[in-house]
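K.L.:
what's the 3D shape of this:
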Amino acid sequence: MNNQSTKTDITHSTIEQINKPIIIYYFVHPFSNTYWQMEPIIKKLTMEYGAFCSIRPVICPSSLNLQEVCKHEEQVHSSFALVEQQTILLAIKAAALQGNKTGRDYLRNLQDYLFLYQTDIDITTLIHQACDHTNIDLHEFERDLQSISAKKAFESDIQLAQEMEIEQFPTLVFLGQHIEDYSMKIAGLHTYETYTFILEEMLNKEIMEKSKPSLEDFFKLYNRFKTEEIAFIFEISIKKAEKILKQLQLMQQITKINNGSNTFWEII
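P.N.:
Residues are numbered from 1 along each chain as shown. The predicted model follows:
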């Protein structure tokens, strides 16, 4: 497990004072396949431990005063030129100005179009299609996208990555908000149990009870997903997950989408 204690100045402008005892900074390069592999883990953490922690994505490009942050990253989505990628990153930050949940939902929807649909799409269409399943104020989003606020938020993310010495994506930094100057940093992709071990140690697992999410809860949060995600999150076999999803398809609650090499489900 690649983790370490670290001290840093936690007066960053994106931090909000909330009651949840743990904040998780999730440093990501949104165009990488490793991010996509990490997403089911983030979903499960959100559903099981969301009452105790807040997950905040910190968006960084592959290189921008970060001294080759992504030197260990492979299979970066290369459909867009660097300037187009930076425009998309600004759009992600513009959405996040409407709140952490809105920002995460927008980021996830954008990733769906990049990695599930995988269609040739111009950048303007992509940015706006990601709004379709996001509870977002479009007028405010358009205004923020053209404002200095999104740029400053983006630059602030990069500064935070530098302060926390992020050298690999994804990296999760677990910060105990009631434990001064204490955090745990874990770089790279690890098992779900690795992350929950850290959470439970920081929360004191003797007094903490994780949630037991239902499919109904899952559908309220996520609009599209793969069979493998359902199997992973609910700890069932792929065969059983497929059976459940086909039953829901017959009930016309979800629809199955075949898009080239990708097969996934979408809420109707």
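K.L.:
Can you tell me the closest non-neighbouring residue to residue 225?
P.N.:
Spatial nearest neighbour of residue 225, excluding adjacent residues (Cβ to Cβ, 6 or more residues apart in numbering): residue 265 at 5.8 Å. (Glycine included, C-beta is placed from N, CA and C.)
K.L.:
give me phi/psi at residue 59?
P.N.:
phi -90, psi 130 (degrees, to the nearest 10).
K.L.:
Can you check the pLDDT for residue 109?
P.N.:
Looking at residue 109, its pLDDT reads 92.
K.L.:
For the stretch 151-268 of the chain, which residues score under the pLDDT cut-off?
P.N.:
In the predicted model of the stretch 151-268 of the chain, residues 178-182, 206-207 satisfy pLDDT under 70.
K.L.:
any chance you could map the helices in it?
P.N.:
With helices called from DSSP state H, counting those that start in this stretch, the stretch 151-268 of the chain shows them at 192-203, 215-221, 227-234, 238-250.
K.L.:
Between helix 227-234 and the last one, find me the angle.
P.N.:
Interaxial angle, helix 238-250 versus helix 227-234 (axes from the mean of the first three to the mean of the last three Cα atoms, to 10 degrees): 110 degrees.
K.L.:
how far is helix 238-250 from where the chain is centred?
P.N.:
Offset of helix 238-250 from its chain centre (Cα atoms, centre = their mean, to the nearest Å): 26 Å.
K.L.:
next one: the second one
P.N.:
Shown here is helix 215-221, whose average C-alpha point lies 17 Å from the average C-alpha point of the whole chain (Cα atoms, centre = their mean).
K.L.:
Okay, strands next: where are they in the stretch 1-150 of the chain?
P.N.:
For the stretch 1-150 of the chain, the strands defined by DSSP state E, counting those that start in this stretch cover 3-5, 22-28, 53-59.
K.L.:
Include distance to residue 82 and mean pLDDT when you put those into CSV, please.
P.N.:
Converted to CSV, the strands of the stretch 1-150 of the chain look like this (distance: least, Cβ to Cβ, whole Å; pLDDT from 0 to 100):
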stretch, distance to residue 82, mean pLDDT
strand 3-5, 31, 41
strand 22-28, 17, 93
strand 53-59, 15, 93
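K.L.:
Many thanks, have a good one.
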